Structure formats: structure tokens, C-alpha cells
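*Asks:* Only the shape, not the letters, is given here:
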């Protein structure tokens, strides 16, 4: 193991005190009246010895680690991997490093990640919370650590948040299908109590009700921990055996991708046999033989907003809570009939 060069090592080489080396390397030589010649000698020795300052110790002295803890719900979901990249890029502009972990939608794993990041004394958190983690979020607030919830939030907890207008996303998608002449429209969602998914269900439900299609409402709920297998079963039972479904909306990127695989495997033609609307887009949507219509979330803007709000909270020690709701955009391609 290579020994880390210390201030004492530099002091011994130059023949001065450790305190004097510390003054120079922290830019205080003028304040401490160190001659320019000696200061240059100390810096040269530090460079030759490949001295690397202890950033953790320095940060703790300043009361800031210049780090942000980010906990996302599922790194395998392209939405979250893209979101993490945008957050990381934006944080770097402010001089912050992002330490990221994925809860994989598990309460226990989320608790471990948050506890670890608190021990590392991150300056703030950006979190897409898993279901059932309200107490963990509340703990961060009680610790007075700046926090922004992204993509998801808990209605009963007052904190910063950056989210999508989830109700509008599915209301608009469903209305689009109805205006195209579709009546038997199904929606695929996760089995969860999280508000963002409830709002997507509500948008679909109210669009159907407003068009007097109450009898055609078909909400298909999928277990998040076994998405592909359940989609396969649901696809076979609901779409192939029950030929009544004319159009289907998948409400996350992973659900959309799993749905496309299943539909393609069973040789269901889009849009001839079934209209399809997905979420978030991606290469899979673009390269499909019939490019997929999808609900676009402004992922980059959401990431930038989350960082901006968090940095403002860190710098101003603000108790003000900011909520930003982004509008969705329906990107119309060829997966629904003209």
C-alpha cells in the first residue's frame, strides 16, 4: 500500500513547521506573512511529492462535503438512469459530486442507503422514494438535511419536490385514443399506493368517464418486482384471449418495453390489431417496426430543477418548500391508426 504524503512529510523536506505548510497550501501565506520565496518552495515540494489534500477533512472543517446523496427507485429503469446522469451533470456545474444508490423499490435497501449517506454527511438529498419509505424521508427532514423529492412525493410530507403532472399525462393519452375512435382502452399500471401512479390511473379513469365509457374501463395492475413475467401472463390473458381490447397504455418505461416484447412475441400487429401508447420513449420505441407513440417526461429539466432547488436550500439554509410540476408531452408516432 502506497503511503499517503502528509503535511508533516512536506515540512520535513523543506525544513519548516507543519503549521507553516498548512498555511501555504490553504492560501493563507500572505495573512501569516510567509515570504513568496518560501511559499513557492513549499508548493514545489508538495507537487514533487504528489501531495493530495484530504478533501474529507477539509470539507468537514468548512462544514460542507460538496456531495449530494441521490437515491433512485430502480437503476434498471432507463428513466432513472437518464435522470441520474442529468442530476450528476448539473451538480458538477455547482462543484458538487453525486453519490448515487438504487433502492430497487425495496424499503430495507432504501433505509440502508439513506443511513449510509447521512453518515457520509452529504450536504443534501435528491430522492425518488420507494413505496413505504415515508418515515425515512421524515427522518431526513428532522435531521434538517436539505431534500428534494423527484418523480414521486408523499402528499402528507411537506418538502421540496419536482414531479410530472401525472394526471394530465394519461388524461391526454386516453383522450387522444378516444378521439381516434378507440373505445375499448386498457391501461397497465403497477400495484402501488404511490401517488404518481394513482394520478396516472385517475387521468385515464376520468377521461373514460368524461366520454361515457365507464363500462369499458380496464385497469391492469402489475407487480413491480416481477414485471416481465406478469406482463407476459397479462398480455396473453387480456389481449390475446380477450380480443376486445383495441388500445393499451403502458404507464412506465419498463412496463412499455416489457409490453412491446410480449406483443411482438405473440405476433400482434401494431397498430393493425392494437394501438399502443408508452411512457418516456427510448431507442426501443424508435426502432420498433411501427415507431411508438409515447408520453414524454422532461427528464433533463426535472433533473436540473431538482439540483437548483437543492443547492438553493443548501446555500440559504432555507425552510421554504418549492414544488415544481412539469407538463407532459404526447409524442405522436405510428402506433395508433391515423
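*Replies:* Thanks, I have it. Computed from a predicted structure; not experimentally measured.
*Asks:* what's next to stretch 102-110, contact-wise?
*Replies:* Contacts to stretch 102-110, defined as CB atoms under 8 Å, 6 or more residues apart in numbering, come from residues 71-76, 80, 113, 129-133, 136, 224-225. Yep, even glycine has a C-beta here, placed from its N, CA and C like the rest.
*Asks:* Quick check: end-to-end length of that stretch?
*Replies:* In stretch 102-110, first residue to last residue: 8 Å (CA to CA, to the nearest Å).
*Asks:* do stretch 219-237 as well
*Replies:* With CA to CA as the measure, the first residue of stretch 219-237 is 14 Å from its last.
*Asks:* Residue 201 against residue 189, yeah?
*Replies:* Yes. Residue 201 lies in contact with residue 189 (CB atoms under 8 Å); the separation is 5.6 Å.
*Asks:* Touching both of these two, which residues are there?
*Replies:* residue 219.
*Asks:* coming back round to it: which of the contacts of stretch 102-110 are buried? Put it as a ChimeraX command.
*Replies:* Buried members of those, defined by 16 or more other CB atoms under 10 Å, are picked up in ChimeraX with:
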select :71,72,73,74,80,113,129,130,131,133,136,224
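*Asks:* Tell me, please, the helix or strand in the protein that averages the lowest pLDDT.
*Replies:* helix 55-62 (a mean of 59; mean pLDDT, DSSP states H and E).
*Asks:* all helices of the stretch 101-250 of the chain, in order?
*Replies:* In the stretch 101-250 of the chain, the helices defined using DSSP state H, counting those that start in this stretch lie at 107-119, 134-142, 166-179, 195-210, 227-234.
*Asks:* hmm, who's touching the last one?
*Replies:* Taking CB under 8 Å, 6+ apart as the criterion, the residues outside helix 227-234 that touch it are 188, 220, 222-223, 254-255, 258-259, 261-262.
*Asks:* for the third one, same thing?
*Replies:* Applying CB under 8 Å, 6+ apart, the set of residues contacting helix 166-179 from outside is 185, 187, 195-197, 199-204, 206-208, 211, 213, 247, 249, 251, 275, 277, 279, 293, 295, 297, 327-328, 330, 332, 336.
*Asks:* what about the stretch 151-300 of the chain, any weak spots by pLDDT?
*Replies:* By pLDDT under 70, the low-scoring segments of the stretch 151-300 of the chain are 226-227, 235-236, 240-243.
*Asks:* Next up, the contacts around residue 305.
*Replies:* Neighbour list for residue 305: 162, 324, 326 [criterion: CB under 8 Å, 6+ apart].
*Asks:* hmm, back to that, of the contacts of helix 166-179, just the buried ones, ChimeraX syntax please.
*Replies:* Command for ChimeraX that selects the buried part of those, burial taken from 16+ other CB under 10 Å:
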select :185,187,195,196,197,199,200,201,203,204,207,208,211,213,247,249,251,275,277,279,293,295,297,328,336
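*Asks:* Near residue 329, how many residues? Count them for me, please.
*Replies:* 13 (other CB atoms under 10 Å).
*Asks:* how far away is it from residue 173?
*Replies:* Distance of residue 329 to residue 173, given as CB to CB, to the nearest Å: 11 Å.
*Asks:* same check, this time on residue 315
*Replies:* Remark: distance between residue 315 and residue 173 (CB to CB) = 39 Å.
*Asks:* Check residue 45 too.
*Replies:* According to CB to CB, residue 45 stands 65 Å off from residue 173.
*Asks:* between those two, who's got more neighbours?
*Replies:* Higher neighbour count among residue 45 and residue 173: residue 173, with 28 against 20, using other CB under 10 Å.
*Asks:* Is the closest residue to the more buried one other than its chain neighbours in a helix, a strand, or coil?
*Replies:* Nearest-residue entry for residue 173: residue 277, 4.9 Å, with adjacent residues in sequence omitted and distances by CB to CB, 6 or more residues apart in numbering. With DSSP: H, G, I helix; E, B strand; the rest coil as the basis, residue 277 sits in strand.
*Asks:* who are the neighbours in contact with residue 197?
*Replies:* Shown in contact with residue 197 (CB under 8 Å, 6+ apart): 166, 189-190, 251.
*Asks:* Which ones among the residues you listed lie within strands?
*Replies:* Judged by DSSP state E, the contacts of residue 197 include 189-190 as members of strands.
*Asks:* Good, we can wrap up now.
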